[in-house]
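Novice: Sequence and predicted structure, then a few things I'm wondering about:
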Amino acid sequence: MSGAQPEKPKGRQGKAACALLLATSILALLRPAPLHAQETELRGEVPESAILSDQQRKARQLVAAQGQQQAANAAQDDTQPRTYLPASAGAVPDDTGTDAATASIFDPPQAYDDTSTADPMPPKPRRRPSTGGRTAADQDKTKADAKAADKAKKKKTTAATTDTTGAVTDGSDTAATDQEAANRRTLTIDSAERQKLDPGAERTAAIEGQTRKAEDDPFAPTGVRWGSFIIRPSIEQGLTATTNGDSSSAGTSALLSETALRFSAISDWRENSATIDGYGLFRETVSGYPVHDAQGRIEGQFNVDLDNELRAIAKLGYEAVPETASSPNAIAGVSTQPLRQTIDGSLGIEKAVGKMQYTLTGAVSHDFYGDAKLSDGTSLSQKDQDSTLYTATLRTGYEISPALTPFTEVELGRRIYDQRIDNEGFERSSTRFGARAGLQLDMGEKLSGEFSAGWLREAIDDNSLEPISGATVNADLKWSPERGTTIGLTGKTTVETTTTPGESGDILYSGRLTAERQIRANLTGNAALGLDWRDYIGIDGHDRILSAEAGLTWWLNRYAGLTSRVRTEELTSNLPGRDYTANSIYLGVKVQR
């Protein structure tokens, strides 16, 4: 018989146990476990949202562990040995999953269940795990917490951050809430200022470094404020060398001192407006032909907007000018010509009805003369030349476009002399009638102004004197072909009366073409051409006056500059003793404010 013994049940059981143990070990080795490197902070910078989520999780675990520890201490004996807790997290391996007596070295670490109360031991603090070793649920939770943190950053307030960290609750008691609040992350004082800047934002330059808009005229007067007006005064002082001191047929060369004062005042009102302009010119002989004269004018204009689309324009002026030696009323053989003073004023009402424009203007002008000083020291009265002219003008215009407005004017007037009969026995008072048609232009800075032509007649009360009548031409245009250049054209028709026996007077046509060019910012040039034609009524006589002028102004700064000009003037007449020629050159200094 064979010596082989049948296999005992105990032997088969031992082999089965070994096989089971071997299979369990192999499965434990093959099961994926997080690497130790992933349990440490070796993967670079950790997102702030992950840190915040980890702190919240630790706070919840700590609160739950404290509650479990209190319950366990109440149920267990005080003699039960206490588990050693190291001061530093991760000093000893985690031991939260199995018992030390039955645990295997091949068993993987088990997650701690914060809801279980069977294990009285508190959880040991662990190192912050990386996102690589988390489960899908943890990653989803981390993403949700990150979104909440981003919203808190956008709000930029501490209250918003507090709401975000306290959004997740686990039903803990008041002590847990206090502990969680203590572990919340707070923002720094300057956290709102340390936000990332918009990469597309442009850097703002310093205030003193910003580009300032260049002035159109950097040497224009700034003016002085006086109440609600801005006044711009100027004074010009210089010397004039001329070949004819007083522009007369008997004039000779002279060196004259000239002083010119000018000013303008403009209101700074909200609705209505007012302007005041004035000048004064004083000439004294330094050497040569004796000249002593002064002249000036001041005038103001007041514009008022009334109801019902009505606009009122009021003007008032005063002028004092000595009679020129070339005037038809000049007196021969006198040392000083009489001074003519004029006070004038007008009031106009403008009304627009659709495209129709109506203007009614009433004007008054009073002339009075001083005495003429004769060469022998006596004086000659000129009171018989004092007169007052009253006129009323009605203008009707139709606006074809904002730039073109043709118009017609009708004028009625009456001239009344203070002496109804002059020294020679003539009644010089007269009745005036005129009509004209013209075009008003308004093209902005390019072209503006108006011109008109018509007929004027002034019938004298004395039937022995011929009426003064003739064509009239008036113009006031400004044209700017390019920036810095201004060309002007002015024309005027004036009725000049006289007290010469047998003469009614004359009609004077005056035209002037001017040009001004800003050569440089501080250098300005100007030129002018003039033509005057005087037609005598009652006699076959006429005067022609030609003039030309050119000048330069060089500004040293905004308030002072050097100015110079040359001028020539020639009068040619078919009447004896009236021809003359005058050439002059001027050099002076101009100061303005």
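Specialist: On my side now, so go ahead. Numbering: from 1, shown residues only.
Novice: Can you list the buried residues in stretch 225-236?
Specialist: Within stretch 225-236, the residues that qualify as buried by neighbour count (16 or more other Cβ atoms under 10 Å) are 229, 230, 231, 232, 233, 234, 235, 236. Every C-beta, even on glycine, is put in place using the N, C-alpha and C of the backbone.
Novice: Turn these into TSV, including secondary structure, distance to residue 430 and pLDDT.
Specialist: Output for these, formatted as TSV (DSSP: H, G, I helix; E, B strand; the rest coil; distance: Cβ to Cβ, whole Å; pLDDT from 0 to 100):
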residue	secondary structure	distance to residue 430	pLDDT
229	strand	40	93
230	strand	43	95
231	strand	41	95
232	strand	41	95
233	strand	41	96
234	strand	40	96
235	strand	42	96
236	strand	40	96
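Novice: Redo the residues you listed as JSON lines? Include distance to residue 529.
Specialist: Below are the buried residues of stretch 225-236 laid out as JSON lines (distance: Cβ to Cβ, whole Å):
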{"residue": "229", "distance to residue 529": "35"}
{"residue": "230", "distance to residue 529": "33"}
{"residue": "231", "distance to residue 529": "32"}
{"residue": "232", "distance to residue 529": "28"}
{"residue": "233", "distance to residue 529": "30"}
{"residue": "234", "distance to residue 529": "25"}
{"residue": "235", "distance to residue 529": "28"}
{"residue": "236", "distance to residue 529": "22"}
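Novice: Now that we're looking at the residue nearest to residue 502 when sequence neighbours are not counted, what pLDDT does it have?
Specialist: Closest residue to residue 502 apart from its sequence neighbours, by Cβ to Cβ, 6 or more residues apart in numbering: residue 538 at 6.5 Å. What the model reports for residue 538 is a pLDDT of 83.
Novice: what's the answer for residue 486, then?
Specialist: At residue 486, pLDDT is 95.
Novice: Need phi/psi at it.
Specialist: Per-residue torsions, residue 486: phi -130, psi 130 (degrees, to the nearest 10).
Novice: That one and residue 542, how far apart?
Specialist: From residue 486 across to residue 542, the span is 32 Å (Cβ to Cβ, to the nearest Å).
Novice: ok but residue 52 is inside a helix, no?
Specialist: Yes - under DSSP: H, G, I helix; E, B strand; the rest coil, residue 52 sits within a helix.
Novice: tell me, how many neighbours does it end up with?
Specialist: 21 (other Cβ atoms under 10 Å).
Novice: One more: residue 464?
Specialist: So residue 464, with other Cβ under 10 Å, has 11 neighbours.
Novice: Nearest spatial neighbour of it, chain-adjacent residues omitted?
Specialist: Distances taken as Cβ to Cβ, 6+ apart put residue 426 closest to residue 464, at 7.3 Å, once the chain neighbours are dropped.
Novice: wait, what's in contact with the one you found?
Specialist: 462, 464, 465, 499, 501 (Cβ atoms under 8 Å, 6 or more residues apart in numbering).
Novice: Just the element for residue 55, please.
Specialist: Here residue 55, judged by DSSP states H and E, is contained in helix 48-75.
Novice: residue ranges for the strands of the stretch 351-500 of the chain, please.
Specialist: 356-369, 372-374, 379-380, 387-398, 404-417, 430-442, 447-460, 468-479, 485-497 (DSSP state E, counting those that start in this stretch).
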